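Chemist: Kindly return the folded structure for what I paste below:
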Amino acid sequence: MTSMSILLLGSKGLLGQAFQSVANVMNIPLVALSRQEINIHSNAQIQVGLAPFSDAKTIINCAAFTQVDQAETAFDEATLSNETGVKYLSEYCRDHEIRLCHFSTDYVFNGQSSAPYSEDAPCDPINAYGRSKFLGEQALMATTSNFYLFRIQWLFGDHGPHFLSTMTRLANTQDSLSVVSDQWGSPSWSIDIAIAVLSMISINAPTGIYHLANQGYTTWYDLAKLIFQFQKINCPVHSILSHDYPRPAKRPLNGRLNTSRYHEVSSYAMPTWQDSVQSYLSIKRPEQLPYTIRERIATINTLKPYQ
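Modeler: Numbers count the residues shown, from 1 in each chain. Here you go, the predicted model:
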């Protein structure tokens, strides 16, 4: 393996697939393993399965339990992926002097703040999924200091369900839709997240916690309106409040993340959420994606080691 070699776990998911697409265009050596090849639930599997890759410089962990509502009744399963597996990986990376890149969520916050959350804001998750991710953060930080922890949110992209695909599907089967307008966050394209993270790794940016999302904030209601407007879908959208649409898992109203720390050190300025949503929706064929990635990485400053 080369000195820039990266090992990716959780290769089949939405984020894992994005990393592979971006690494291919950026010519970054990356070995991708699926859950079937390495199950982070098992410490024995980690020890044996990762042995051939012990000279990797960085492990990117995209393996996670992400079903927010399901976590309310499957908390043990959620923590197995989001806490226990993270602990095992952290111990392995510590023992083999490997940098670990891990992902968390805005759901570690209670959403009651009136301002975007900074990295050092107190965590206070209000649902089971958020608790499982917070426990994973604690396990990571208690085990190793050589880590990137990226809190991301409202992810969309290929190879997995998300709000954009759900809204488009529902618009084709219903006369109108009601969407909550009091939850705030930043829709984030998995491709932009992958470019940002790989750029950080490439320049050896300082380790630690970073908030990472496309720039700007919106609500689910306004996002739905943009989706339909851009695709010329004639489906009326009605604004409702969260208490009018109860879900098994309570959602934080303010999920806005302050990403200034990321932008202070990164060579890739995250595009606006509007740009990323429209860029994603403009891709009609798989072969178009590499061209879009090339256009986006062309905006990156020359990659140099962080000073």
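
Chemist: What count of nearby residues applies to Thr207?
Modeler: Other residues within reach of Thr207, judged by other Cβ atoms under 10 Å, total 16. The C-beta positions use only the backbone N, C-alpha and C, and glycine is treated the same way.

Chemist: residues contacting Ala213?
Modeler: Taking Cβ atoms under 8 Å, 6 or more residues apart in numbering as the criterion, Ala213 is in contact with Ile152, Gln153, Trp154, Gly185, Ser186, Ser188, Leu257, Thr259, Met270, Trp273.

Chemist: ok, for it, nearest residue in space, not its chain neighbours?
Modeler: Of all residues beyond its chain neighbours, the one nearest Ala213 is Ser186 (3.8 Å), with distances taken as Cβ to Cβ, 6 or more residues apart in numbering.

Chemist: most centrally placed residue in the protein?
Modeler: Among the residues of the chain, the smallest C-alpha distance to the mean C-alpha position (Cα atoms, centre = their mean) belongs to Ile152, namely 4.5 Å.

Chemist: Phi, psi for it please.
Modeler: phi -120, psi 170 (degrees, to the nearest 10).

Chemist: quick one on the thing from earlier: any idea how far the residue nearest to Ala213 is from Ile195?
Modeler: In this view, Ser186 and Ile195 are 16 Å apart by Cβ to Cβ, to the nearest Å.

Chemist: try Phe134
Modeler: Counting by Cβ to Cβ, the separation of Phe134 from Ile195 is 27 Å.

Chemist: same thing with Arg261?
Modeler: When Cβ to Cβ is the yardstick, Arg261 and Ile195 sit 18 Å from each other.

Chemist: between the two, who's got more neighbours?
Modeler: For Arg261 and Ile195, the more surrounded residue by other Cβ under 10 Å is Ile195, and the numbers stand at 28 against 17.

Chemist: That one against Ala23, yeah?
Modeler: No: when contacts are counted by Cβ atoms under 8 Å, Ile195 is not listed as touching Ala23 (9.8 Å).

Chemist: starting at the chain centroid, how far to stretch 96-110?
Modeler: Relative to its chain's centre, stretch 96-110 lies at 10 Å (Cα atoms, centre = their mean, to the nearest Å).

Chemist: then that stretch to CSV, C-alphas only?
Modeler: As requested, the backbone C-alpha atoms of stretch 96-110 are provided in CSV (Å, rounded to 0.1, in the frame of the first residue of the first chain):
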residue,chain,number,x,y,z
HIS,A,96,-1.6,0.3,14.8
GLU,A,97,-1.0,4.1,14.7
ILE,A,98,-3.7,4.6,12.0
ARG,A,99,-5.8,7.8,11.7
LEU,A,100,-9.6,7.1,12.0
CYS,A,101,-12.1,9.2,10.1
HIS,A,102,-15.6,8.8,11.6
PHE,A,103,-19.0,10.4,11.1
SER,A,104,-21.6,11.6,13.5
THR,A,105,-24.7,13.8,13.3
ASP,A,106,-26.4,17.1,14.3
TYR,A,107,-28.8,14.8,16.2
VAL,A,108,-26.3,14.8,19.1
PHE,A,109,-27.7,18.2,19.9
ASN,A,110,-31.2,19.0,21.4
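
Chemist: just to revisit the earlier point, for the residue nearest to Ala213, give me its contacts.
Modeler: By Cβ under 8 Å, 6+ apart, the neighbours of Ser186 are Gln153, Trp154, Ala213, Asn214, Gln215, Gly216, Tyr217, Thr218, Gly255, Arg256, Leu257, Trp273.

Chemist: again, but for Thr73
Modeler: Shown in contact with Thr73 (Cβ under 8 Å, 6+ apart): Pro248.

Chemist: which residue sits closest to Ser42, ignoring its sequence neighbours?
Modeler: With Cβ to Cβ, 6+ apart as the measure, Tyr88 is the residue that lies nearest to Ser42, at 7.8 Å, once sequence neighbours are left out.
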